[in-house]
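Undergrad: generate a structure from the sequence data that follows.
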Amino acid sequence: MADLFDTGAKAADSTATAHRGPRPLADRLRPASLDEVIGQQHLLGPEGSLRVMLDSGALSSLIFWGPPGVGKTTIARLLARETALHFVQISAIFTGMPDLRKVFEAAKIRHANGQGTLLFVDEIHRFNKAQQDGFLPHMEDGTILLVGATTENPSFELNAAVMSRSQVMVLERLSDDDLEALLQRAEAELGRPLPLLPDARVSLREMADGDGRAMLNLVEQVSAWKTEPLDTKALGQRLQRRAAQYDKSGDAHYNLISALHKSVRGSDPDAALYWFARMLEGGEDPRYLARRLTRMAVEDIALADPQAHRVCLDAWETYERLGSPEGELALSQAVVYLALAPKSNAAYVAYKAARASAKSTGSAMPPKNILNAPTAMMKEQGYGKGYEYDHDSEDGFSGANYFPETMSRPKFYEPKERGFERDLRKRVEWFENLREKRRR
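TA: Next up is the predicted model:
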């Protein structure tokens with residue numbers, strides 16, 4: 001297997017020269033140097049972290065983290081060329097431990113003969129812990145310089161030992177300007193402009209959704225058409241919009257739900273609806289969204305608007321009765337309601353503080369006066385003695401102490417001056433004043 005993927009810089013050049021068949025546009029436009037790479041200027045620009053490492057001659061093992069089609073493989077190849085390292089590419093999907101051993105053995109032979117190996121591992125997060133551990137001794141003794149590529153968050157998916165021996169480089173989706181530059185480079189290679197009106201050209205870039213490989217595949221399709229310049233509508237009829245990148249169990253899932261939650265918390269109904277729609281378009285289960293909306297009502301709105309909780313439960317039940325797509329409309333109305341509701345986390349903060357206090361005070365008993373005394377012995381022990389029945393007290397409030405006698409009275413709940421909690425704040429203050437009077 002190692003022989004299939006060993007491509008060293010010279011071998012890659014000779015293979016490309018000898019290749020006589022039709023070549024995909026993406027292959028024909030493959031950059032010959034890092035200066036030709038479109039995008040990732042935060043890494044490859046004059047002050048970019050990767051450029052600084054190269055210029056200082058201190059290239060270390062790397063983890064490229066980013067979405068598909070942003071140049072991870074291309075940059076790895078060019079790094080091997082610029083550092084005169086032998087380039088070996090494997091995929092974690094198709095490579096087992098026997099294949100890895102062959103790769104390491106070949107790298108050891110090259111290392112003994114004075115040549116290093118840049119081992120590029122695509123989808124590195126798919127290797128299990130034992131396989132990832134197998135890289136460590138060869139990274140440490142300089143047999144290989146590892147460059148791993150992943151679309152998943154490496155801090156979740158990669159071993160701490162591999163992470164500690166590598167630097168994570170975050171690659172970004174290509175910007176609209178990057179895609180236009182790639183489009184112009186493709187037109188120069190093709191020798192003609194694409195048959196698109198300006199609005200359709202913008203739409204084509206939007207269809208690529210930041211993915212350079214997808215952009216070139218779209219260009220290849222459009223370039224084959226013999227037609228008058230097309231507008232956006234005509235382009236849309238001929239091309240299917242690329243599905244947005246969304247993995248219901250991966251980073252995109254957590255990133256988008258975080259964006260939705262924070263937009264609701266930030267009282268921005270338009271942004272909240274956008275992220276809600278993005279998740280639905282990505283195939284998210286509406287029931288998951290219903291559950292998260294209910295959590296937002298409990299966590300971020302709470303008693304500032306007690307009705308918010310009910311709105312979420314009603315929307316959830318409506319979805320269960322109507323199903324898709326009408327049921328999603330009820331959930332979207334809940335999104336708008338939550339975003340515009342007054343916000344308070346006072347009850348949430350109070351709950352966490354009470355839990356922490358309960359944990360720290362251990363097994364302290366309640367004061368005996370508020371304990372029931374169903375037996376004579378318990379009465380003799382003082383259970384229930386001196387209990388004041390609040391309904392018989394002035395204002396229906398005795399002001400008695402309900403905390404353990406060994407514990408000074410804490411204050412957990414402090415209502416905000418927002419929404420319904422304004423009224424609750426007045427009640428809290430009223431009871432505090434009464435309690436102070438009863439103490440005198």
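Undergrad: other SSEs contacting the one helix or strand Met279 maps to?
TA: Assigned by DSSP states H and E, Met279 belongs to helix 269-281. If you count contacts as 3 or more C-beta pairs under 8 Å, 6 or more residues apart in numbering; DSSP states H and E, helix 269-281 packs onto helix 251-265, helix 286-296, helix 326-340. Heads up, the C-betas are built off the backbone N, CA and C, glycines and all.
Undergrad: now do the buried residues in it.
TA: For helix 269-281, burial by neighbour count (16 or more other C-beta atoms under 10 Å) applies to 269, 271-276, 278-280.
Undergrad: same question, stretch 354-373
TA: 367-369, 373.
Undergrad: just the endpoints, please. Distance across it?
TA: End-to-end span of stretch 354-373 (C-alpha to C-alpha, to the nearest Å): 27 Å.
Undergrad: ok so, going back, chain center to the helix holding Met279, what's the gap?
TA: Helix 269-281 sits 15 Å away from the centroid of its parent chain (C-alpha atoms, centre = their mean, to the nearest Å).
Undergrad: the strands in the stretch 1-150 of the chain, which residues?
TA: For the stretch 1-150 of the chain, the strands defined by DSSP state E, counting those that start in this stretch occupy 62-65, 86-91, 117-122, 144-150.
Undergrad: save those as TSV, and put in mean neighbour count, mean pLDDT and distance to Met407 too.
TA: Below are those laid out as TSV (neighbours: other C-beta atoms under 10 Å; pLDDT from 0 to 100; distance: least, C-beta to C-beta, whole Å):
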stretch	mean neighbour count	mean pLDDT	distance to Met407
strand 62-65	24	95	49
strand 86-91	20	95	61
strand 117-122	26	95	57
strand 144-150	25	95	51
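Undergrad: can you put the ones you listed in JSON lines and add distance to Asp35?
TA: Shown next, in JSON lines, are these (distance: least, C-beta to C-beta, whole Å):
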{"stretch": "strand 62-65", "distance to Asp35": "18"}
{"stretch": "strand 86-91", "distance to Asp35": "19"}
{"stretch": "strand 117-122", "distance to Asp35": "19"}
{"stretch": "strand 144-150", "distance to Asp35": "19"}
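Undergrad: which of the ones you listed sits closest to Glu157?
TA: Evaluated over these, closeness to Glu157 peaks at strand 144-150, with 6.4 Å, by C-beta to C-beta.
Undergrad: now the helix or strand that the closest one is followed by: buried residues?
TA: Counting by DSSP H and E, the next helix or strand C-terminal to strand 144-150 is helix 154-157. Residues of helix 154-157 classed as buried: 154, 157 (neighbour count, 16+ other C-beta under 10 Å).
Undergrad: contacting residues around helix 154-157?
TA: Contacting residues not belonging to helix 154-157 are listed as 63, 65, 125, 148, 150, 163, 168 [C-beta atoms under 8 Å, 6 or more residues apart in numbering].
Undergrad: so for that helix, mean pLDDT?
TA: Model confidence over helix 154-157, given as mean pLDDT, is 86.
Undergrad: chain center to it: distance?
TA: Per C-alpha atoms, centre = their mean, the displacement of helix 154-157 from the mean C-alpha position of its chain is 11 Å.
Undergrad: just stretch 47-65 next, same as before
TA: With C-alpha atoms, centre = their mean, you get 25 Å for stretch 47-65.
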